[in-house]
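Chemist: generate a structure from the sequence data that follows.
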Amino acid sequence: KTCLWASAGRRQTLWIKEDSLNDPNKKLFARGYNSHGQLMANPLYYDNIIAPGIQSDLPWPTGEVPILVSSHRKHTCMQFNKTGQVRCYGKDTDTARFLGNKPGMLLDGTQEYQSLKVTTGTHHTAVLLKTGKLSMFGDSNWGQTGTGEAYVDGQGFPNNTSRITYVRAKDSAGNITEPTDWIDVGSGQFHACGIRGAANEGGDVWCWGRNSAGGTGNKNYTLEFQTGSSPGNYVFSDLPNMPDLSFAKKVEGIEKAVAVDGGLAHTCALQKNGLVKCWGDNKFSQYGDNTTHGDLVYTDPTIPQIMIKEDGSPLVARAITVGEQTSCAIGIDDQLYCAGRSLHMSQGSDSNSVRKVATPVAGATNVKQASIAWHHLVWLTNDNKLFGQGQNHNQQLRDGSTDDIGTPIELFSSASTTSREHELLRTYNW
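Modeler: Numbers count the residues shown, from 1 in each chain. Alright, predicted model coming up:
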């Protein structure tokens, strides 16, 4: 199983505070905007800002404690230690059921339906199962549930609101399978990716869903202004009827991946050798390779690029987390590094400046786990302290003022214990 103790959702922060993996006294702490009950179940807190941070009252299965938390926009999911069951909290949309709370979608941990990992996108949820299959549910307006079903004009992709579905893959020869060798999964906002291979060796990255800038590695682009030896401008229509959006397609150029995560339109993978590679949108230098894509893109954005440090050497990392237009990784030195957009000073140093390479986050040393989904960044240290910086419009970081925070502050250091203490970080440790 994968353990994720903290998660920085779009407008909220959650943290599972524990002394050990099976600590019966674990607490989940939360703060930020409880727009749909994804932080607190008590109706008094519904559609309210939770600040200061308090212990969450989200219900847990009897006799179990969470080992993973993932939160994005309107929902939060947790995985529990004994049965591997998943519970999700918040609110479904009118057309998409991403809480797993409908007949045929109950994530109760029974039989083969035991989870090894759960991850959330804007309106979708992905669950890695003990069987090696990937089950996804929720909004599939861009094919992000990965069922391989066809887009129908005027109707879109089916959302499959009341049945279990599994991700289907299409290889380069057009063969369609329902793989049973998935070992990891990561969610972007409107796409998802998984890794297929041996659990201890890493494997190939396959992605599906929205492909507005090549973030799924799907080469369904056209070339404009191509004359003579000019490579032309790579253009993606960003329409849901693009070919094969709902099939998992292999990303070329990745060797033995052990972790994968996605942002708005880009994706990063961590290889077993510690190299971080990113592809897709690079408008804000989120590849971290000292390049930037302009309005015209003359290099193939579906080809992964190696993230480098300020001295030009490749970053060697042990974990990654990817935000909207930001890419972060924990180095083997336990220093947190980030590249890309620093909107709301999410990368710290009191600066909104773009980082074109993997740049050390000031004050983020001795890091165990980190998470960024939107514009605030949080990290958990090896001595079990949680820090954060960036956007604070919903007081997801600090009480009182809603001003952005450009230097690290400790979170939940004095949180109320009327619920459970916890913060959400989408980082993958290996």
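Chemist: show me the shaky parts of the protein.
Modeler: Applying pLDDT under 70 to the chain flags the ranges 1, 103-106, 108-113, 229, 415-430.
Chemist: let me see the backbone angles for the residue lying closest to residue 282 once chain neighbours are set aside.
Modeler: The shortest distance from residue 282 to any residue other than its chain neighbours is 4.1 Å, reached at residue 293 (Cβ to Cβ, 6 or more residues apart in numbering). The C-beta positions use only the backbone N, C-alpha and C, and glycine is treated the same way. Main-chain torsions, residue 293, degrees, to the nearest 10: phi -90, psi 130.
Chemist: if I look at residue 293, how far off is residue 301?
Modeler: 7 Å (Cβ to Cβ, to the nearest Å).
Chemist: can you list the buried residues in the helix or strand harbouring residue 67?
Modeler: Assessed by DSSP states H and E, residue 67 sits inside strand 66-71. Within strand 66-71, the residues scored as buried using 16 or more other Cβ atoms under 10 Å are 66-71.
Chemist: let me know the closest of those residues to residue 274.
Modeler: Top of the list for closeness to residue 274, among the buried residues of strand 66-71 and by Cβ to Cβ, is residue 68 at 23.2 Å.
Chemist: so what's that closest one up against?
Modeler: 1-4, 78-79, 117-118 (Cβ atoms under 8 Å, 6 or more residues apart in numbering).
Chemist: what about 6 Å?
Modeler: 4, 79 (Cβ atoms under 6 Å, 6 or more residues apart in numbering).
Chemist: surely residue 281 touches residue 266?
Modeler: Yes: shown here, residue 281 and residue 266 form a contact pair, counting by Cβ atoms under 6 Å, at 4.5 Å.
Chemist: so these two - more neighbours on which side?
Modeler: Shown here are residue 281 and residue 266; by other Cβ atoms under 10 Å, residue 266 has more neighbours (29 against 24).
Chemist: give the bridge partners for the more buried one, please.
Modeler: In this structure, residue 266 bridges to residue 280 when assessed by DSSP bridges.
Chemist: quick check, it in contact with residue 280.
Modeler: Yes: the criterion here is Cβ under 6 Å, and residue 266 meets it with residue 280 at 3.5 Å.
Chemist: which neighbours do the two share?
Modeler: With Cβ under 6 Å, 6+ apart as the test, residue 266 and residue 280 both reach residue 215.
Chemist: rewinding a little: residue 293 and residue 301 - which one has more neighbours?
Modeler: Comparing residue 293 with residue 301 by neighbour count (other Cβ under 10 Å), the higher total belongs to residue 301, at 25 against 20.
Chemist: what's the nearest residue to that one once chain neighbours are set aside in contact with, if anything?
Modeler: On the basis of Cβ to Cβ, 6+ apart, the spatially nearest residue to residue 301 that is not a chain neighbour turns out to be residue 214, at 3.6 Å. Contacts for residue 214 (Cβ under 6 Å, 6+ apart) come out as 280, 301-302.
Chemist: mind running it again at 10 Å?
Modeler: 220-221, 234, 236, 251, 265-267, 279-282, 293, 297, 300-303 (Cβ atoms under 10 Å, 6 or more residues apart in numbering).
Chemist: distance-wise, check it relative to residue 24.
Modeler: Residue 214 is 46 Å from residue 24, by Cβ to Cβ.
Chemist: widest-spaced pair of the buried residues of strand 66-71?
Modeler: Between any two of these, the greatest separation by Cβ to Cβ is 15.1 Å, found for 67 and 71.
Chemist: endpoints of stretch 348-367, how far apart?
Modeler: 15 Å (Cα to Cα, to the nearest Å).
Chemist: how about stretch 251-269?
Modeler: Start and end residues of stretch 251-269 are separated by 10 Å (Cα to Cα).
Chemist: same check, this time on stretch 401-409
Modeler: End-to-end for stretch 401-409, by Cα to Cα: 14 Å.
Chemist: in that stretch, what's buried?
Modeler: 404-406, 408.
Chemist: if we can go back for a sec, overlap in contacts of residue 293 and residue 301?
Modeler: The contact lists of residue 293 and residue 301 share 213-214, 234, 280-282, 287, where a contact means Cβ under 10 Å, 6+ apart.
Chemist: adding distance to residue 240 and secondary structure, write the residues you listed out as CSV.
Modeler: Below are the shared contacts of residue 293 and residue 301 laid out as CSV (distance: Cβ to Cβ, whole Å; DSSP: H, G, I helix; E, B strand; the rest coil):
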residue, distance to residue 240, secondary structure
213, 15, coil
214, 16, coil
234, 19, strand
280, 17, strand
281, 18, coil
282, 23, coil
287, 26, coil
